[in-house]
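>>> how would this look folded up:
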Amino acid sequence: MKAFWCLFALEKCPPGFDPFFVGETSPDACLRFAMDVKREWHEAKSYCESLLPGGYLAILDEENLHWSVISYILSHPEMLNEGFHIGCTDEVNEGV
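The predicted structure is shown next:
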């Protein structure tokens with residue numbers, strides 16, 4: 001089981017979510033890193049979807065957002081040894 005990110009695309013981040021800026025204006029993403037309870041991938045996905053309408057397990061398919069998240073993790077020592085889920089899975093074809 002792993003920690004995970006929940007992602008929302010909102011103009012203003014709700015409490016408990018960190019804004020991530022890819023551009024220079026309003027946040028491109030509001031992310032919540034859930035380390036309090038470790039979950040399997042499907043549980044993490046369901047949890048994120050239950051938090052707010054439109055929420056989902058983070059998909060880091062935009063390069064600048066991907067690097068922003070990596071920088072965030074690197075600046076938080078408590079996260080460096082964590083594995084975490086994102087919004088893709090290899091359940092159809094293991095390893096892919």
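>>> now do the longest strand along the chain, average pLDDT.
Among the segments of the chain that qualify as a strand by DSSP state E, the longest is strand 29-39. If you average the pLDDT over strand 29-39, you get 84.
>>> okay, now the residue nearest to W41 when sequence neighbours are not counted: neighbour count?
Distances taken as C-beta to C-beta, 6 or more residues apart in numbering place H85 nearest to W41, at 5.1 Å, with adjacent residues excluded. Quick note: C-beta positions are derived from backbone N, CA and C, even for glycine. Residues lying near H85 (other C-beta atoms under 10 Å) number 23.
>>> so H85 touches F4, yeah?
Yes - in this structure, H85 is within contact of F4 by C-beta atoms under 8 Å, at 3.9 Å.
>>> so what sits against both of those two?
In terms of C-beta atoms under 8 Å, 6 or more residues apart in numbering, H85 and F4 are both contacted by the residues 39, 44, 57.
>>> quick check: buried residues in stretch 44-55?
44-45, 47-48, 51, 55 (16 or more other C-beta atoms under 10 Å).
>>> over to E82. Which of the three states is it?
coil (DSSP: H, G, I helix; E, B strand; the rest coil).
>>> mind pulling the model confidence for it?
pLDDT, E82: 82.
>>> swap in S75?
Value listed for S75 in the pLDDT field: 93.
>>> do A9 as well
Reported pLDDT for A9: 66.
>>> kindly report the same for the one 3 residues further on.
Model confidence at K12, expressed as pLDDT, equals 78.
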